[in-house]
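Novice: pasted the sequence and its predicted model underneath.
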Amino acid sequence: SIPLGYFGGVGGAAKRGILVKGSTFLDALTDVKTVIFDKTGTLTEGVFQVTQVTPYNDYSETELLTFAAIAESQSNHPVARSIMEAYDGAINKFDVTDYEEIPGHGISAKVRGMSVLAGNDRLLHREQIEHDTCNVEGTVVHLAIDGKYAGYILIADRIKEDAAMAIARLKKAGVNETVMLTGDNRVVAQNVADKLGLDAYKAELLPEDKVKAIEQYLRKTDKKSKVAFVGDGINDAPVIARVDVGMAMGALGSDAAIETADVVLMTDAPSKVAEAISIARKTHTIVW
Ligand code: ADP
Ligand code: MG
């Protein structure tokens, strides 16, 4: 039988917006020694703003933004939403054909019959589009039109208000290692990691690289210690399914992630992770 204290623990956590799917995970939470975070939407707001539009090869700023916004109009990615937000013109969905999302890279589409690519360095490399390497700080969305480089759009995200405190609280709670995984570039990742005092980060990861990174951490952690992952759910479900304690943030989270998660955080505050661990430990003390 399940000791009564567990119900108190699961119920008590729920009252604070932390849904633990059963006593097994409440137990596992008490032994979490490694916490791995997704970046975009988890440690950062996931709401990018366009800060610069730099056209190349005779395009104007407006033209570049127009091509980008129309091509991105089919995507739900936070990167795409920021570009649509910055564009004032009307978008006719019939302007876009052959739309394709390339996870961890960007998108490809035809806009009024012209081939448009929008994405990161990796995408341009893969499609063999020659371009200058621009050393700018921020997330860069490169554009290519009909096989030629057309410029880039710079976008910036903000670190969540309670993210630094969230990391500090985990360390105080005895978590040995705090890590961030991201598909974004190294410059952005380094900046966030420094500001938050994270122990490690891995950048420029494809969704499948994130699963591999998780597996590495699972292998190197001793049997008694547990590894938790926290994500907002966009492309995170496979990682959430793989770790000891998979956590999804509910407010933004996708249905798939919420379903696979062991713990669902009803608010998007990363500090809820330390709170979940501390509730689990208190419950443990009462039960045993
Ligand atoms: P993360 O959530 O870790 O930032 P993603 O795998 O969702 O990672 O995205 C990784 C990178 O792929 C983004 O930083 C961006 O460079 C590129 N990307 C993804 N989707 C798009 C898109 N719709 N348009 C342009 N670039 C994109
Ligand atoms: Mg993400």
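Specialist: Great, that's in hand. Ligands and ions are numbered 1, 2, ... in the order given.
Novice: could you use CA atoms for every contact and neighbour count after this?
Specialist: Noted.
Novice: what does the stretch 151-288 of the chain put close to ligand 2?
Specialist: Applying C-alpha under 5 Å from the ion, we find that the stretch 151-288 of the chain lies next to ligand 2 at Ile234.
Novice: OK, now which residue of the stretch 151-288 of the chain is nearest to ligand 2?
Specialist: Residue of the stretch 151-288 of the chain nearest ligand 2, by C-alpha to the ion: Ile234 (4.9 Å).
Novice: chain neighbours aside, what residue packs nearest to Asp268?
Specialist: When the adjacent residues along the chain are set aside, Asp268 lies closest to Met249, with 5.5 Å between them (C-alpha to C-alpha, 6 or more residues apart in numbering).
Novice: pLDDT score for the one you found?
Specialist: Met249 is assigned 88 on the pLDDT scale.
Novice: now do Gly8
Specialist: For Gly8, the pLDDT comes out at 68.
Novice: re earlier: doesn't the residue of the stretch 151-288 of the chain closest to ligand 2 belong to a strand?
Specialist: No. Looking at Ile234 with DSSP: H, G, I helix; E, B strand; the rest coil, it is coil, so not inside a strand.
Novice: and it, backbone torsions?
Specialist: Per-residue torsions, Ile234: phi -80, psi 110 (degrees, to the nearest 10).
Novice: how far away is it from Ser278?
Specialist: Distance, Ile234 to Ser278, using C-alpha to C-alpha, to the nearest Å: 27 Å.
Novice: mind listing the helices in the stretch 151-288 of the chain by residue range?
Specialist: Per DSSP state H, counting those that start in this stretch, the stretch 151-288 of the chain carries helices over the ranges 163-172, 186-196, 207-220, 237-242, 255-260, 272-287.
Novice: phi first, then psi, for the spatially most central residue of the chain.
Specialist: In the chain, the centroid-proximal residue (C-alpha atoms, centre = their mean) is Thr40; its distance is 3.4 Å. Backbone torsions for Thr40, taken as degrees, to the nearest 10, come to phi -70, psi 120.
Novice: that one against Thr182, yeah?
Specialist: Yes. Taking C-alpha atoms under 8 Å as the contact criterion, Thr40 and Thr182 are neighbours in contact, 7.3 Å apart.
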